[in-house]
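Visitor: Provided below are the primary sequence and the corresponding predicted coordinates.
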Amino acid sequence: MKHVFLCGNPALDLACTLRARRTERVETLDVPDRLDAWYLESGIVDAVTPCQEADLAQAVAVREAIYALVTARLAGDGYDDEALALVNDIARRPSAAPRLTAKGRWVEATPVQALSTVARHAIELLSGPEVPLMKECANPECTKIFIDRSRGGRREWCGMESCGNKIKAAAYRARKKDAQVAGTR
């Protein structure tokens with residue numbers, strides 16, 4: 001399975017591996033192999049020791065903690081103490097460390113190190129200058145949160161291919177239908 005990385009930060013991308021939280025939840029991290037694939041596809045690591053069920057359970061718990069912290073920050077609410085403690089605890093663990101090889105940069109890690117790296121990204125994001133750039137996708141069915149680095153800061157969708165085209169096509173069909181109804185009067 002190919003994962004999607006539209007959010008602009010690995011912590012947000014991990015938080016968005018549970019899709020459509022308000023409607024039909026779609027879990028993309030349902031087996032350890034998918035977590036392995038997510039770490040590799042995200043660019044967090046170049047190689048990861050195979051994840052076990054316990055690693056998956058911990059990553060899902062951290063994902064939910066990150067999502068809780070991000071949504072609280074967007075809403076202007078205080079952080080949940082348990083979510084804060086979990087992200088801080090994971091971030092304190094050794095993270096994935098890059099090394100220079102004859103072919104360039106290489107990052108090999110355990111699942112714990114890879115998850116620690118993601119938790120550190122969450123801390124940097126939530127305490128850094130990009131907080132005002134965080135937005136939730138304008139598609140009411142989508143719960144992805146992304147960093148809007150667009151020129152005018154007017155990005156509305158997590159991605160045009162996924163949500164933007166669906167919403168724009170639906171709006172076009174509605175306008176066309178309204179025009180047809182108005183024309184028959």
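Guide: It's in.

Visitor: Let me see the backbone angles for residue 15.
Guide: Residue 15 has phi and psi values of phi -60, psi -30 when expressed as degrees, to the nearest 10.

Visitor: Could you measure from residue 27 over to residue 175?
Guide: For residue 27, the distance to residue 175 (CB to CB, to the nearest Å) stands at 35 Å. All C-beta spots, glycine's among them, are computed from the backbone N, C-alpha and C.

Visitor: right, I mislabeled it, should have said residue 156
Guide: For residue 156, the distance to residue 175 under the criterion CB to CB works out to 18 Å.

Visitor: For the two, indicate the residue with more neighbours.
Guide: Neighbours were counted for residue 156 and for residue 175 using other CB atoms under 10 Å; residue 156 has more, 16 against 10.

Visitor: Neighbours of residue 53, how many?
Guide: The criterion is other CB under 10 Å. On that basis, residue 53 has 9 neighbouring residues.

Visitor: Next, the contact list for it, please.
Guide: Under the criterion of CB atoms under 8 Å, 6 or more residues apart in numbering, the neighbours of residue 53 are residue 32.

Visitor: Quick check: phi and psi at it.
Guide: For residue 53, the backbone dihedrals (degrees, to the nearest 10) come out as phi -60, psi -40.

Visitor: Need the per-residue pLDDT for it.
Guide: Looking at residue 53, its pLDDT stands at 98.

Visitor: same thing with residue 80?
Guide: 97.

Visitor: try residue 97
Guide: Residue 97 is assigned a predicted lDDT (pLDDT) of 94.

Visitor: Next, the contact list for it, please.
Guide: Taking CB under 8 Å, 6+ apart as the contact definition, residue 97 lies against 107, 109, 113.

Visitor: Would you mind putting those into a markdown table with secondary structure alongside?
Guide: Conversion of the contacts of residue 97 to a markdown table gives the following (DSSP: H, G, I helix; E, B strand; the rest coil):
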| residue | secondary structure |
| --- | --- |
| 107 | strand |
| 109 | strand |
| 113 | helix |
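
Visitor: List just the nearest of these to residue 63.
Guide: residue 113 (16.6 Å; CB to CB).

Visitor: Now the closest one: closest residue in space, sequence neighbours ignored.
Guide: For residue 113, ignoring the flanking residues on the chain, the nearest one in space by CB to CB, 6 or more residues apart in numbering is residue 96 at 4.5 Å.

Visitor: In terms of helices and strands, where is the one you found?
Guide: Counting by DSSP states H and E, there is no helix or strand that carries residue 96.

Visitor: Hmm, residue 46 and it touching each other?
Guide: No. If you go by CB atoms under 8 Å, residue 96 and residue 46 don't touch, sitting 9.3 Å apart.
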